[in-house]
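S.K.: Next comes the sequence, and after it the predicted model I'd like to discuss.
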Amino acid sequence: DTCFQKQDARLIYHSLKHRLRIISFGDYLKRYIYLKAELERPFDEIPLKEYQAIIKEAFSENNTPPSFTPTTAKLSALSKNWLTQQTVKRNVVFLLGFGLKMSVEDVNLFLTKALLEYEMNPKNPFEVICWYCYKKQKVC
């Protein structure tokens with residue numbers, strides 16, 4: 001398309017800055033769950049509670065705690081936060097990797113596409129252990 005090529009640089013910059021919408025972490029997570037769970041209703045008709053129930057069931061099936069550190073927070077509250085937040089901490093992606101039984105590729109996609117960060121770091125011992133567990137499909 002040559003439309004942009006003929007436009008003033010200021011107009012192009014304005015369009016990129018104000019018209020492009022970055023997909024939130026919560027929306028990325030919903031899309032992932034929607035596809036993995038093979039939900040058939042239209043995406044925008046799935047209530048938040050249904051996504052929360054899917055997360056809760058998956059965490060239970062995969063023996064995954066709601067956090068890597070001791071917490072009194074309930075998985076229902078944590079999952080609601082994950083599903084509605086613009087972004088989350090990197091460790092949340094690793095936790096979701098175990099809870100949702102993700103592959104290494106899925107976790108790396110979450111890190112790079114949903115968080116706009118780098119893939120798993122082979123120099124970080126925690127991330128190497130997570131990588132190994134995802135590869136072997138074990139909950140560590």
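M.R.: Arrived safely.
S.K.: Any stretches of this protein with poor pLDDT?
M.R.: 1-7, 15-21, 138-140 (pLDDT under 70).
S.K.: Identify each buried residue in the helix of greatest length in it, please.
M.R.: Scanning the chain for the longest helix, with DSSP state H as the assignment, gives helix 48-61. By neighbour count on 16 or more other CB atoms under 10 Å, the buried set for helix 48-61 is E50, Y51, Q52, I54, I55, K56, A58, F59. Heads up, the C-betas are built off the backbone N, CA and C, glycines and all.
S.K.: Let me know whether the second one touches K30 as I believe.
M.R.: The reference is to Y51. Yes - in this structure Y51 lies within contact range of K30 using CB atoms under 8 Å: 5.7 Å.
S.K.: Need the overlap of contacts for the two.
M.R.: Residues touching both Y51 and K30 by CB atoms under 8 Å, 6 or more residues apart in numbering: L83.
S.K.: from the middle of its chain, how far away would stretch 59-74 be?
M.R.: Per CA atoms, centre = their mean, to the nearest Å, the displacement of stretch 59-74 from the mean C-alpha position of its chain is 17 Å.
S.K.: which residues touch that stretch?
M.R.: Under CB under 8 Å, 6+ apart, the answer for stretch 59-74 is A58, L75, L78, N91, F94, L95, F98, G99, L100, K101, V139.
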